[in-house]
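from the sequence below, what's the structure:
(chains A and B)
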Amino acid sequence: MGAVEAPGNEPDSSEADTSSPRAAREHARAQEGLHHHGMPTMPATAATGLPTDIPTDALLWDEVLDPGGYTAHRLPRGTHLRLEDTAGEGCAHLIVHNARQTSERLNPADTVKVQWQAYLTEGSHLLSDMARSLLTVVEDTSGHHDAFCSAPNRADHQRKYGDGSNEGPTPSARDRLVLGALKFGLQRRDVGPSISFFKGVTVAPDGTLSLDTSTPPLTAHVVLRCDMDVHVVVANTPHVLDERPGWVCSSLRATAWTPQSWASTSPDALSPEAARAMLNTQDWLAGVGPS
Amino acid sequence: MTTVLDQVVAARSPFSTVLEAGSSITLVDLGGNQAIDCLLYNAEDHAERYCAHTTIAAQRNLFLTTGSVLRSNESRPMLTVTDDTCGRHDTIGGACSQESNTLRYGFHTKHQHACVDNFLTEGSLHGLDKRDLVSNVNWFMNVPVEEDGTLGIVDGLSAPGISVSGRAEMPLLVLISNCPQINNPCNGFDPTPIRVVVERP
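Numbering: from 1, shown residues only, chains lettered A, B, ... in the order given. Presented below is the predicted three-dimensional model:
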């Protein structure tokens, strides 16, 4: 399954005339329209190949992430973010910050502890260190996610793949998440633990962690509802516990849109802990006003 | 080894110390079933700090005991557990906070003292702030994960006099919150003092 996906075609400029500024400009402008597998759709509303229930005219973001790729986006409250594992071997490492108060960020420990559940799925809230709901998982066709192991770092990739640098062929998710955070004006220390989607880890009674390497579904997706304005950074690298030989990673697609209407889940349908997390989010929103 | 610090940390209190590389630190559970929330930072570069995820992924196990190596976000060894008479310590439960207590137990608990307040207070003495807090170790705390994923803090395995020791593998700033939680069994519903001993070669 998966293995290394072929990189997109890079333009061949070996015969190009770039001997003068005008020729160089012509050469540069002639490149418009080239396609690389991992790239954003610009504008997002031009995206194709999406499920019919996504309102194309309300798209905010659509991007394919190559293996090793990363991306960062600010998303307003109410946005639905769909992450798709398009070929069965993507792994979406995600960090989230409150866009309007970036000292507040995703806290995976509280996420599992408060909700009494190690395994995230539809209905799970991604909680911040301020006990607010940042995102809610509203759809999940995968059921294989991990809130324990966070992102592999450069040393992990150096050991497994012989290189973990951002400039190399097998960059680490942590360094990718750091880059995404730096682009929001955050610092290295602002990158806390992440959650990964599409690769599941199970815990044995003695605490042993195992990556579920059973045959992944060919495609799977999650949809996350933004409960406040957030910065998200997504990196696509193998799971840290994936010890299969070689770099096994396939593409992801990130798509976000403003639904025509949405409402928080009725408090009656929430666990008591989640209901209070949403109350805390409402309390925060009351203080900062509309987006 | 020369004892350079031997101190009782009062119930519900923060504590910090800086360890030279090669030093050992021993935490003694004086009253039994007392969770000790703990964060480690490279004393020379606070951006390098204990990383629960790197630690548990490297040992492929959620629990810490003798032989466990606590690793930094750069994968470097920070502290090796050299002796443990408890047998199991937690890496996933994180620290209690006033905010998360409102979710876990209700808004009536908002006023209660919590580990994050201890970490913020003690960390600020070393130039750290909220952004520097990450998932911490909970010495003497018991958090099993059941087959269906259900997890939670349950009755502890510790008892009066149980201890855990570790060797600093780099110069370390150690932040401790002697956990004040009273809404779950992590402290046997009765926070008690602990003893911290630091020895130097």
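
please make it C-alpha for all contacts and neighbour counts, starting now.
OK.

any idea how far the helix or strand where A:L224 lies is from the chain center?
For A:L224, the element it lies in under DSSP states H and E is strand A:220-226. How far strand A:220-226 lies from its chain's middle: 10 Å, per Cα atoms, centre = their mean, to the nearest Å.

just stretch B:28-38 next, same as before
Centroid separation for stretch B:28-38 versus its chain: 9 Å, with Cα atoms, centre = their mean.

quick one: end-to-end distance for that stretch.
Counting by Cα to Cα, to the nearest Å, you get 14 Å between the two ends of stretch B:28-38.

so is it next to chain A?
No: Stretch B:28-38 is not in contact with chain A by Cα under 8 Å from any Cα of the partner chain; minimum separation 13.2 Å.

show residues contacting that stretch.
Residues outside stretch B:28-38 that contact it (Cα atoms under 8 Å, 6 or more residues apart in numbering or on different chains): B:94-95, B:115, B:136-141, B:155-164, B:174-179, B:186-188, B:191-196.

can you tell me which of those residues are buried?
Buried members of these, counted by 16 or more other Cα atoms under 10 Å in any protein chain shown: B:94-95, B:115, B:136-141, B:155-159, B:162-164, B:174-179, B:186-188, B:191-196.

residue with max distance from the center of chain B?
What lies farthest from the middle of chain B is B:D148; by Cα atoms, centre = their mean that is 26.7 Å.

next, that one: secondary structure please.
coil (DSSP: H, G, I helix; E, B strand; the rest coil).

on contacts alone, who are the packing partners of the strand holding A:L224?
Contacts defined by 3 or more Cα pairs under 8 Å, 6 or more residues apart in numbering or on different chains; DSSP states H and E place strand A:220-226 against strand A:80-85, strand A:133-140.

how about those strands in CSV, adding distance to chain B, mean pLDDT and mean neighbour count?
Converted to CSV, the helices and strands packed on strand A:220-226 look like this (distance: least, Cα to the nearest Cα, whole Å; pLDDT from 0 to 100; neighbours: other Cα atoms under 10 Å in any protein chain shown):
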stretch, distance to chain B, mean pLDDT, mean neighbour count
strand A:80-85, 23, 98, 26
strand A:133-140, 10, 97, 23
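
now distance to A:A204 too, for the ones you listed, in TSV please.
Putting these into TSV (distance: least, Cα to Cα, whole Å) gives the following:
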stretch	distance to A:A204
strand A:80-85	26
strand A:133-140	23
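
follow-up on the earlier one: filter the buried ones among the contacts of stretch B:28-38 by proximity to chain A?
Among the buried ones among the contacts of stretch B:28-38, the residues within reach of chain A (Cα under 8 Å from any Cα) are B:G94.

which of the buried ones among the contacts of stretch B:28-38 fall in strands?
B:137-139, B:162-164, B:174-178, B:194-196 (DSSP state E).

export those as TSV, with columns for pLDDT.
As requested, those are exported to TSV (pLDDT from 0 to 100):
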residue	pLDDT
B:V137	98
B:N138	98
B:W139	98
B:I162	98
B:S163	98
B:V164	98
B:V174	98
B:L175	98
B:I176	98
B:S177	97
B:N178	97
B:I194	98
B:R195	98
B:V196	98
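
how near is B:L175 to A:D57?
B:L175 is 51 Å from A:D57, by Cα to Cα.

my bad, should have said B:A114
Distance, B:A114 to A:D57, using Cα to Cα: 47 Å.

quick one, which of the two is more surrounded?
Legend: neighbour count by other Cα atoms under 10 Å in any protein chain shown for B:A114 and A:D57, higher for B:A114 (25 against 12).

residues contacting the more buried one?
B:A114 sits next to B:96-98, B:179-181 when contact means Cα under 8 Å, 6+ apart.

lowest-confidence entry in those?
Within those, B:Q98 has the lowest pLDDT, namely 87.

which residue is the nearest non-sequential neighbour of it?
Excluding the flanking residues, the one nearest B:Q98 by Cα to Cα, 6 or more residues apart in numbering or on different chains is B:K110, at 5.0 Å.

what separation is there between that neighbour and chain A?
11 Å (Cα to the nearest Cα, to the nearest Å).

just to check, that residue is in contact with B:T102?
Yes: assessed by Cα atoms under 8 Å, B:K110 is found in contact with B:T102 at 5.8 Å.

looking at those two, which is more packed in?
More neighbours surround B:T102 than the other of B:K110 and B:T102, with 22 against 16 (other Cα under 10 Å).

buried stuff in stretch B:11-20?
Result for stretch B:11-20 [16+ other Cα under 10 Å]: buried residues B:11-16, B:18-20.

now flag whichever of the residues you listed is closest to A:V114.
Nearest to A:V114, judged by Cα to Cα, of the buried residues of stretch B:11-20 is B:R12 at 21.3 Å.

in helices, which of the contacts of B:A114 appear?
Of the contacts of B:A114, the ones assigned to helices by DSSP state H are B:Q98.

and the two most separated of the contacts of B:A114?
Across the contacts of B:A114 (Cα to Cα), the longest gap, 12.4 Å, separates B:Q98 and B:C179.

Three-state assignment for the nearest residue to B:N187 once chain neighbours are set aside, please.
Excluding its sequence neighbours, the residue lying closest to B:N187 (Cα to Cα, 6+ apart) is B:Q34, at 4.4 Å. Classification of B:Q34 by three-state DSSP places it in coil.

before we move on, back to that, out of the buried residues of stretch B:11-20, which touch chain A?
Within the buried residues of stretch B:11-20, nothing lies near chain A by Cα under 8 Å from any Cα.
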